[in-house]
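Enquirer: model this:
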Amino acid sequence: MSNARPTHAPMTQFPVVNDCLQVGGIPLTELARRVGRTPFYAYDRSLITQRVKLLRKHLPAEVHLHYAIKANPMPEVVRHLAALVDGLDVASAGELRIALASGMAPGAISFAGPGKTDAELAEATAAGIVVNLESEREMERIAVLGRSHGSRPRVAVRVNPDFELKSSGMKMGGGPKQFGVDAERVPAMLARIGQLGLDFQGFHIFSGSQNLRADAITEAQEKTIELAAKLAEHAPSSVRLLNIGGGFGIPYFPGERPLDIAAVGANLARLLDGTKGRLPEARVVIELGRYLVGEAGIYVCRVIDRKISRGQVFLITDGGLHHHLAASGNFGQVIRKNYPVVVGNRVVGSKREVVNVVGPLCTPLDLLADGMEMAEAAVGDLVVVFQSGAYGLTASPTAFLSHPAPAEILV
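Expert: Just a heads-up that it's a prediction; the model follows:
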């Protein structure tokens with residue numbers, strides 16, 4: 001039996017020329033010079049475009065593809081995607097403004113989140129976007145706002161299903177949840193939506209995220225569509241929108257392998273063929289964030305010191321958990337695992353060593369790589385964290401210890 005440790009999935013999306021990573025066709029060293037400082041995030045627009053093309057190739061043609069802005073709300077990234085996808089999904093008024101500024105039609109924007117304020121609901125209603133209702137109280141509040149503004153809010157019901165997405169990194173449905181309305185309560189809520197005269201659009205049913213198993217995603221999609229068809233029998237009008245979420249994962253950790261998107265698409269086509277008679281007017285939406293942008297981004301920081309402590313090598317950088325909480329292991333990981341990390345300006349190197357990559361913060365949690373084999377690095381070299389295009393900067397505590405925020409660029 002082999003004792004070999006599992007390895008990261010190959011990070012081949014960024015070419016390597018003369019042992020230096022290329023981003024958007026630019027050598028990393030030159031890109032760092034152009035940015036003018038480290039740390040920084042860099043996103044490759046061609047990789048984002050390629051990912052959309054991959055999805056278009058494998059998903060059924062009738063499926064609408066939406067980008068969940070929370071994954072990466074950089075305005076330039078959102079504008080780039082707005083020209084490629086069919087809609088945008090937001091989780092705050094701030095994201096809504098970015099979505100509207102991107103040029104996306106308001107009718108193709110939806111708003112989800114369990115704690116929308118009256119100001120957010122009013123802004124969403126005025127913009128004419130679809131609000132995914134997360135509770136009966138929110139339904140009543142938006143009806144009052146609609147009446148006071150002389151408008152008819154466009155709403156969908158976010159359903160908390162009685163199942164979850166198996167093997168998902170983050171479970172969003174099944175059991176008691178702060179997200180959505182328990183499925184068994186939805187029929188009564190649908191009746192009330194009819195009484196209130198709200199413009200009912202349909203359902204948002206999302207059971208989990210970051211899944212790499214095609215069979216688990218397919219099972220959840222099958223249950224989601226079946227649940228929507230049953231709930232539609234109680235709806236005040238035809239279901240015109242069915243957002244079945246996403247959950248498509250990307251490989252971050254050793255032993256993980258890419259999702260078989262072709263299998264997901266083939267099974268979804270089969271499911272939709274059997275559903276057209278039950279939900280004939282429904283526009284089926286797949287909502288993706290991480291899967292669209294996660295692999296197109298890197299986080300880059302510079303080695304500012306190199307030290308040995310009791311036989312272990314520590315590369316101390318100017319980046320860390322305050323910029324990239326997820327890579328530090330403090331964003332949902334139960335047992336810390338390394339993201340794929342390399343020395344970007346000497347990817348293979350002439351010598352290899354096992355090192356710990358840490359940041360400048362006064363906490364042992366500030367760890368970007370723990371006992372990883374990398375090229376031997378010197379002060380001034382550039383450390384790259386792959387899979388950093390989603391849930392990076394805006395998911396991190398940038399104010400911690402008052403270090404400057406990193407730069408962001410779309411190449």
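
Enquirer: Strands of the stretch 101-250 of the chain, residue ranges please.
Expert: Remark: strands assigned in the stretch 101-250 of the chain by DSSP state E, counting those that start in this stretch are 109-111, 130-133, 154-160, 170-171, 181-182, 199-205, 208-209, 241-243.

Enquirer: Show me the one of those strands that comes nearest residue 28.
Expert: Residue 28 sits nearest to strand 208-209 of all the strands of the stretch 101-250 of the chain, at 29.8 Å, using C-beta to C-beta. Backbone N, C-alpha and C define where each C-beta goes, glycine included.

Enquirer: Quickly run through the sheet partners of that closest one, with directions.
Expert: In the sheet, strand 208-209 lines up against strand 170-171 (antiparallel) (DSSP bridges).

Enquirer: for the strand it pairs with, what is the average pLDDT?
Expert: Mean pLDDT, strand 170-171: 47.

Enquirer: Okay, now the sheet partners of the longest strand out of those in the chain, with direction.
Expert: As assigned by DSSP state E, the longest strand anywhere in the chain is strand 297-309. Sheet pairing of strand 297-309 (DSSP bridges) gives strand 40-43 (antiparallel), strand 312-317 (antiparallel), strand 382-385 (antiparallel).

Enquirer: which one of those strands lies closest to residue 125?
Expert: Counting by C-beta to C-beta, and looking across all of the strands paired with strand 297-309, nearest comes strand 40-43 at 32.2 Å.

Enquirer: and the closest one, how far out from the chain's middle?
Expert: Here strand 40-43 is found 16 Å from its chain centre; the criterion is C-alpha atoms, centre = their mean, to the nearest Å.

Enquirer: next helix or strand past it?
Expert: Using DSSP states H and E, the helix or strand that follows strand 40-43 in sequence is helix 45-58.

Enquirer: Packing partners of the helix or strand following that following helix?
Expert: Sequence order places strand 64-68 as the next helix or strand after helix 45-58, per DSSP H and E. Judged by 3 or more C-beta pairs under 8 Å, 6 or more residues apart in numbering; DSSP states H and E, the packing partners of strand 64-68 are helix 45-58, helix 75-82, strand 87-90, strand 283-288.

Enquirer: If we use 7 Å, what do you get?
Expert: Packing contacts for strand 64-68, counted by 3 or more C-beta pairs under 7 Å, 6 or more residues apart in numbering; DSSP states H and E, involve strand 87-90, strand 283-288.

Enquirer: Need the winner for burial among the ones you listed.
Expert: For the helices and strands packed on strand 64-68, the largest average neighbour count (mean count of other C-beta atoms under 10 Å) is found in strand 87-90, namely a mean of 26.

Enquirer: Neighbouring strands - and their directions - for that one?
Expert: strand 64-68 (parallel), strand 109-111 (parallel).

Enquirer: Any chance of TSV for the ones you listed, columns mean pLDDT, mean neighbour count and distance to residue 398?
Expert: Shown next, in TSV, are the strands paired with strand 87-90 (pLDDT from 0 to 100; neighbours: other C-beta atoms under 10 Å; distance: least, C-beta to C-beta, whole Å):
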stretch	mean pLDDT	mean neighbour count	distance to residue 398
strand 64-68	98	23	21
strand 109-111	98	27	25
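
Enquirer: Which of the ones you listed sits closest to residue 134?
Expert: Closest among the strands paired with strand 87-90, using C-beta to C-beta: strand 109-111, at 10.1 Å.

Enquirer: In contact with residue 203, which residues are there?
Expert: For residue 203, the contacting residues are 156-157, 159, 228, 231, 239, 242-243, by C-beta atoms under 7 Å, 6 or more residues apart in numbering.

Enquirer: Tell me the one of those residues nearest residue 307?
Expert: Distances from residue 307 to the contacts of residue 203, taken by C-beta to C-beta, are shortest for residue 243, at 50.3 Å.
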